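Participant: Kindly return the folded structure for what I paste below:
(one chain, ligands or ions: 5)
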Amino acid sequence: MSPARCAPRIWPSRTPAVPARRNDPAAAGPPLGEFGRIERFFKPLAAGFPGARGLADDAAVFGVPAGKELVVTTDAMVAGVHFLPDDHPADIAAKLLRTNLSDLAAMAAEPLAYTLVTALPRGLGEEWLAAFAAGLAADQERFGIALAGGDSVGTSGPITLSVTAFGLVPAGRAVPRWGGRAGDCLFVTGTIGDATLGLDIALGRRVVEDVAVRESLLARLRRPDPRTTLGPRLAGLATAMLDVSDGLVADLGHLCAESGLSAVVEAAKVPLSPAARALAGGDSAVLARLLTGGDDYELLFSAPAGARPALQDLALRTGVPVTGIGRLEAGEAGAVTVLDAGGAPLALPRRGWEHF
Ligand SMILES: Nc1ncnc2c1ncn2[C@@H]1O[C@H](COP(=O)(O)OP(=O)(O)OP(=O)(O)O)[C@@H](O)[C@H]1O
Ligand SMILES: Cc1ncc(C[n+]2csc(CCOP(=O)(O)O)c2C)c(N)n1
Ligand SMILES: [Mg+2]
Ligand SMILES: [Mg+2]
Ligand SMILES: [Mg+2]
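Facilitator: Residues are numbered from 1 along each chain as shown. Ligands and ions are numbered 1, 2, ... in the order given. Coordinates of the predicted model:
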């Protein structure tokens, strides 16, 4: 990437002010270099986690408490694929960490630590990295997780980031994708489809005049809300669980395939935010997009009908809405039928996001 393309960018003002240091030697002294960057931006993020060994060793070392199991998940993000290159670095950091925290929650695990790989265009300024690290710091505090190590490389390609998150679950209590039983009810947290609408807005494909509505949909895209409090409490209640990243229908298909079952979803029961409901306006094509767009990072799980009171209680105690949307059935493994309000199958041009 040429230095000109890496000129300081104008980021939305709602996120914290970006530190002044730029990759401009005249303005800010010589560049920090690879190890100076680690020292300045990453070591503080590892300070609270002894297993990180101060980011001064070849690897992290940490034990797992008796009676617990380690849960490990990895997700990468690439500029132009998962976020826009001009997105605020703190938003990119939040999404990177939160998508991984969502996978921990989907296993009923509590966050412990994470490792981070940054492959950054060589001209990208230290200002960008400072704001990215500040975003990580804020979310570390919020979700009770610390940096354990990582790797820093330069690239001639787009910003590429990867987090491996480590979590803890009581031994044997991780909730699999394959535990669903015929007759189980299907539940989803929060609301579905807001992030897809946010992406439409971010890409300039949809104009939403109401500033508050526009910002709330963009926030759902850029700062998902991983269900870290609810997820671990679903151990023993949910028979199968995953988080919705590719799209509700696609991910339900994964749960069904692994459980050897099919699913029926009643579209009218799928929880939509007031904004999504208004924008869909009864248009079945828009509704289909909400159910298949992805980037939701909500939990989708199966549980027997008898679990409803316990789930209602958990929803009240955690403040996370839990909504019944359908059921698992014996049938073709992985098949998902979405019924519209009239009981007819909803046409779905695709099930969800696929990279290839
Ligand atoms: N390159 C890979 N090497 C090894 N395992 C992989 C690779 N890509 C995916 N997997 C594994 O395949 C399974 C499905 O991966 P996938 O990334 O779709 O799940 P996810 O992380 O829950 O979804 P998403 O990435 O959309 O958030 C997981 O068990 C994951 O560990
Ligand atoms: C710029 C831009 N274009 C498209 C999307 C939509 N998107 C990209 S990857 C993905 C699935 C989850 O990722 P993965 O399966 O890699 O974990 C989705 C829904 C976006 N967020 N930003
Ligand atoms: Mg993944
Ligand atoms: Mg997942
Ligand atoms: Mg995916």
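Participant: Checking residue 78 next. Helix, strand or coil?
Facilitator: strand (DSSP: H, G, I helix; E, B strand; the rest coil).
Participant: In space, what's closest to it - neighbours in sequence excluded?
Facilitator: residue 160 (5.1 Å; Cβ to Cβ, 6 or more residues apart in numbering). (C-beta placed from N, C-alpha, C; glycine too.)
Participant: and that neighbour, how many neighbours does it have?
Facilitator: 18 (other Cβ atoms under 10 Å).
Participant: Enumerate the residues of this protein near ligand 1.
Facilitator: 75, 99, 103, 245, 246 (Cβ under 6 Å from any ligand atom).
Participant: what sits against the fourth one?
Facilitator: Read it as residue 245. Listed by Cβ atoms under 8 Å, 6 or more residues apart in numbering, the contact set of residue 245 reads 99, 102, 251, 294, 295, 296, 297, 353.
Participant: Make a markdown table out of those and add pLDDT and secondary structure.
Facilitator: Below are these laid out as a markdown table (pLDDT from 0 to 100; DSSP: H, G, I helix; E, B strand; the rest coil):
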| residue | pLDDT | secondary structure |
| --- | --- | --- |
| 99 | 98 | helix |
| 102 | 99 | helix |
| 251 | 99 | helix |
| 294 | 98 | coil |
| 295 | 98 | coil |
| 296 | 99 | coil |
| 297 | 99 | coil |
| 353 | 98 | coil |
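Participant: Please indicate which of these has the highest neighbour count?
Facilitator: residue 296 (30 neighbours).
Participant: how much space between residue 277 and ligand 1?
Facilitator: As judged by Cβ to the nearest ligand atom, to the nearest Å, residue 277 and ligand 1 stand 25 Å apart.
Participant: so where does residue 73 fall, helix or strand?
Facilitator: strand 68-78 (DSSP states H and E).
Participant: Per-residue confidence, the residue in the stretch 201-350 of the chain that ligand 4 sits nearest to, what does it come out as?
Facilitator: As assessed by Cβ to the ion, ligand 4 sits closest to residue 243 within the stretch 201-350 of the chain, at 4.3 Å. For residue 243, the pLDDT comes out at 99.
Participant: check contacts around it.
Facilitator: Contacts of residue 243 (Cβ under 8 Å, 6+ apart): 102, 103, 105, 106, 226, 227, 251, 297, 298, 299, 300.
Participant: swap in residue 79?
Facilitator: Contacts of residue 79 (Cβ under 8 Å, 6+ apart): 85, 158, 159, 160.
Participant: ranking these by neighbours, who comes first?
Facilitator: residue 159 (23 neighbours).
Participant: all helices of the stretch 201-350 of the chain, in order?
Facilitator: Using DSSP state H, counting those that start in this stretch, the helices found in the stretch 201-350 of the chain span residues 211-222, 230-233, 248-259, 274-280, 284-292, 308-318.
Participant: just to revisit the earlier point, can you name the residues bridging to the residue of the stretch 201-350 of the chain closest to ligand 4?
Facilitator: residue 299 (DSSP bridges).
Participant: Work out which residue lies at the spatial centre of this structure.
Facilitator: Computing the C-alpha centroid of the chain and ranking residues by Cα atoms, centre = their mean puts residue 99 first, at 2.3 Å.
Participant: my read: it touches residue 74, true?
Facilitator: No. Look at residue 99 against residue 74 with Cβ atoms under 8 Å: they stay out of range, at 10.4 Å.
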